[in-house]
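[1] Here you go, sequence then predicted model.
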Amino acid sequence: MRFLGLLNKLNSLLIKTTARELPKRSMACSRYEYVKTYEQDDTILPNVWIVIRIDGKKFHKFSKTHNFEKPNDENALNVMNAAATAVMQEFRDVVLAYGQSDEYSFVFRKETAAFKRRSAKLLTYVTSLFSTSYVMQWSKWMSLPLAYAPCFDGRVVLYPSDENLRDYLSWRQADVHVNNLYNTAFWKLVLDSGLSNQTAEERLRGTFSADKNELLFQEFGINYNNLPAMYRKGTILLRKRVISDGDNDQNGRQAIVPLHEDLISSHFWKVHTEILGKYVPGTYTAPEIMPRLVDLQLNTKQEKGDYEKKQPENLAGIS
């Protein structure tokens, strides 16, 4: 009798255990599983450069709401740079990022296996990570509180050759020059000369680059080539080994470094050979005043206030 009672208890326990496991098994192999066949294969072709470009949505309204300085707001641009840095820290396969205004391009190396090269996964991760990082970095650079979260859209573009990639980046940098030269002349006419937006547009309509340069110099005493390089050339982010005076590590410490250089020229690609060649971060000799974007990476616990106390007043926030 005792044996039969024990057997009944074991049988009851087995039934309960099976009942608990049954829903999981039936869900895994249910008749509804066929819907997975509607998912499209979006695996990216092998051996191509993957570029993900994000763009701000309705940033004209966003910049007006947050009182961005015209034609360029250095701190607002650095929020973009800081958000892009966060993306590069997450994806080591991003060999270069390039940003201007409200857009950023991220270049993944040809051999990347991130997310099994699934286009939708890469696009959504990069876009969402950039957006959330922008919000998180806002207070480190901007004095006004964030009124509402910005929104970014994105696209994936594939480039089969090194030449194609270089031409793409050259196109984006040329776009910086065209837009910034126009915006600099436009806002000088509006803010300094008191013209209406419509009158300023009419004044600049049909003008060439030389005309705008002449206008800036003759009417406002501005040599366009002397304006900050970040405004004229955009920001290039590269992973480098930072070498600084007094650093005990002779190999340097890795960080994402902002550069404002001419990437259209062949000289840039000869200096930064790691981009197209074997990806080993090159060296970056730190200037006397470390770019704040780099300093925040190397001293992650340092707050904005502490940093500004260290810097001369006219150099606080320099990129």
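    Structure received.

[2] what's the first-to-last distance across stretch 152-170?
    23 Å (CA to CA, to the nearest Å).

[3] tell me the mean pLDDT over that stretch?
    Per-residue pLDDT over stretch 152-170 has a mean of 98.

[4] With stretch 225-239 instead?
    In this model, stretch 225-239 has a mean pLDDT of 97.

[5] how far away is the closest residue to Leu146 other than its chain neighbours from Gly221?
    Take Leu146 and drop its neighbours on the chain: the residue closest to it by CB to CB, 6 or more residues apart in numbering is Trp138, 4.9 Å away. Bear in mind the C-beta positions are built from the backbone N, C-alpha and C, glycine included. Between Trp138 and Gly221 the computed distance is 34 Å (CB to CB, to the nearest Å).

[6] now do Asp211
    Per CB to CB, Asp211 is found 17 Å from Gly221.

[7] of these two, who's got more company?
    Asp211 (12 against 7; other CB atoms under 10 Å).

[8] what's around Lys116, how many residues?
    So Lys116, with other CB under 10 Å, has 9 neighbours.

[9] That one touches Asp42, doesn't it?
    No: shown here, Lys116 and Asp42 do not form a contact pair, counting by CB atoms under 8 Å, at 10.3 Å.

[10] who's in contact with stretch 259-267?
    98, 166, 169-170, 173-174, 228-230, 232-238, 268-269, 319 (CB atoms under 8 Å, 6 or more residues apart in numbering).

[11] For this structure, which segments count as strands?
    49-56, 94-100, 103-108, 152-159, 235-243, 253-259, 282-285 (DSSP state E).

[12] List the buried residues for the first one?
    If you call a residue buried by 16 or more other CB atoms under 10 Å, then strand 49-56 has these buried ones: 49-56.

[13] what about the residue nearest to Leu146, distance to Asn251?
    In this structure, Trp138 and Asn251 are 34 Å apart, going by CB to CB.

[14] neighbour-wise, which of those two wins?
    Comparing Trp138 with Asn251 by other CB under 10 Å, the one with more neighbours is Trp138, at 20 against 9.

[15] burial measure for Pro281, as a count.
    By the other CB under 10 Å criterion, the neighbourhood of Pro281 contains 19 residues.

[16] what does Arg109 give?
    Burial of Arg109, expressed as a neighbour count using other CB under 10 Å, amounts to 17.

[17] Next: the one 4 residues further on.
    Using other CB under 10 Å, Ala113 has 8 neighbouring residues.

[18] And the residue nearest to Leu146, how far from Leu144?
    9 Å.

[19] what's the answer for Tyr104, then?
    Tyr104 is 22 Å from Leu144, where distance means CB to CB.

[20] could you list every residue that touches the spatially most central residue of the chain?
    In the chain, the C-alpha closest to the average C-alpha coordinate belongs to Ala84, at a distance of 2.6 Å (CA atoms, centre = their mean). Contacts for Ala84 (CB under 8 Å, 6+ apart) come out as 97, 99, 104, 106, 130, 235, 237.

[21] need the contact list for Pro71.
    Applying CB under 8 Å, 6+ apart to Pro71 gives the contacts 180, 183-184, 186-187, 231.

[22] Out of those residues, which comes closest to Glu69?
    Closest approach between the contacts of Pro71 and Glu69, by CB to CB: Trp187, at 9.5 Å.

[23] related to what we said a few turns ago, using JSON lines, lay out the strands of the chain together with distance to Tyr134.
    Compiled in JSON lines, those are given as follows (distance: least, CB to CB, whole Å):
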{"stretch": "strand 49-56", "distance to Tyr134": "9"}
{"stretch": "strand 94-100", "distance to Tyr134": "12"}
{"stretch": "strand 103-108", "distance to Tyr134": "10"}
{"stretch": "strand 152-159", "distance to Tyr134": "8"}
{"stretch": "strand 235-243", "distance to Tyr134": "14"}
{"stretch": "strand 253-259", "distance to Tyr134": "15"}
{"stretch": "strand 282-285", "distance to Tyr134": "25"}
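
[24] For Thr273, which of those strands is the nearest?
    Thr273 sits nearest to strand 282-285 of all these, at 7.4 Å, using CB to CB.

[25] quick one: contacts of the closest one?
    Residues outside strand 282-285 that contact it (CB under 8 Å, 6+ apart): 238, 240-244, 252, 255, 257, 272-274.

[26] Partner strands of that strand, with direction?
    The partner list of strand 282-285 in its sheet, established with DSSP bridges, is strand 235-243 (parallel).

[27] Next, the angle from the strand it pairs with to strand 94-100.
    Angular relation of strand 235-243 and strand 94-100 on a 0 to 180 degree scale: 130 degrees, by axes from the mean of the first three to the mean of the last three CA atoms, to 10 degrees.

[28] in strand 235-243, what's buried?
    Using 16+ other CB under 10 Å as the test for burial, strand 235-243 gives 235-242.

[29] Among those, which pair sits farthest apart?
    Put simply, by CB to CB the two of the buried residues of strand 235-243 set farthest apart are Thr235 and Arg241, 19.5 Å from each other.
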